[in-house]
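*Asks:* heads up, no residue letters with this:
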């Protein structure tokens, strides 16, 4: 009996030791390191634009970080997570980028009670890291943006944005790096696209 008790105690302390040796979970966020420069375009200076809530697949509305293999199987990084969900992070980054562009009289969130002329809808279509059998990864970020006139409900413009990095080591650090770089490019290309639409659309008419 004493031998069994001693073995149990040794097993308990051995398990505690292994637990202490497990590395802590690491949290990540999208670090774009990109600064949107204010635009001199005057076409939308009297307009207010509302940024709709981003639509995305359900699994991108969690703090888990996923990857897949070449056989259509999806896995979760067990020792890594997002500080905020990718959808929430992109919502904040898009609203900030459009605000910094200074294209509009005002940039308001979806639930604001203020009146607006245009609605910007963004859909996060894909945010994938696929790791091949040799350990290399193909990382993709794909978004789709739609610009809508709030009065007529007319579709003014639409555009898909795709960013891909191939043949990089398949780990969570490289996945977050690729997605961060893609998001930074998206901020710049989105505001440039909006600037082009401000230039092309007819001047604001009062309703």
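*Replies:* Sure thing, it's come through. Keep in mind that what you see is a predicted model, and the values were worked out from it rather than measured.
*Asks:* hey, where'd the helices end up in the chain?
*Replies:* Here the chain has its helices, by DSSP state H, at 2-21, 86-101, 172-200.
*Asks:* Could you give the average pLDDT over the first one?
*Replies:* What helix 2-21 shows for mean pLDDT is 47.
*Asks:* Then the last one?
*Replies:* Looking at helix 172-200 alone, the average pLDDT works out to 96.
*Asks:* Centre of the chain to it, how far?
*Replies:* 10 Å (Cα atoms, centre = their mean, to the nearest Å).
*Asks:* Could you list the low-confidence segments of the chain?
*Replies:* Within the chain, the set of residues satisfying pLDDT under 70 comprises 1-24, 202-207.
*Asks:* at 90 instead, please
*Replies:* Scanning the chain for pLDDT under 90 picks out 1-25, 33-35, 37, 70-72, 167, 200-207.
*Asks:* List the residues that contact the nearest residue to residue 33 once chain neighbours are set aside.
*Replies:* Leaving aside its chain neighbours, residue 33 sits nearest to residue 184 (6.4 Å; criterion: Cβ to Cβ, 6 or more residues apart in numbering). For the C-beta atoms, the positions are set from N, CA and C on the backbone; glycine is no exception. Taking Cβ atoms under 8 Å, 6 or more residues apart in numbering as the contact definition, residue 184 lies against 32, 33, 34.
*Asks:* tell me the contacts of the last one?
*Replies:* Taking Cβ under 8 Å, 6+ apart as the criterion, residue 34 is in contact with 184, 185, 187, 188.
*Asks:* and the gap between the first one and residue 200?
*Replies:* The spacing between residue 184 and residue 200, counted by Cβ to Cβ, to the nearest Å, is 25 Å.
*Asks:* now residue 157
*Replies:* In terms of Cβ to Cβ, residue 157 sits 8 Å off from residue 200.
*Asks:* more crowded one of those two?
*Replies:* The residue with more neighbours, out of residue 157 and residue 200, is residue 157; 14 against 10, by other Cβ atoms under 10 Å.
*Asks:* Do I have it right that residue 193 meets residue 159?
*Replies:* Yes - if you go by Cβ atoms under 8 Å, residue 193 and residue 159 touch, sitting 5.5 Å apart.
*Asks:* shared neighbours, the two?
*Replies:* residue 145.
*Asks:* Surely residue 187 touches residue 30?
*Replies:* No - using Cβ under 8 Å, residue 187 is not in contact with residue 30, being 10.2 Å away.
*Asks:* Mutual contacts of these two, please.
*Replies:* Residues within reach of residue 187 and of residue 30 at once, by Cβ under 8 Å, 6+ apart, are residue 93.
*Asks:* How about stretch 34-45, which residues are buried there?
*Replies:* 36, 39, 41, 43, 44 (16 or more other Cβ atoms under 10 Å).
*Asks:* That's all I had, so thanks and see you.
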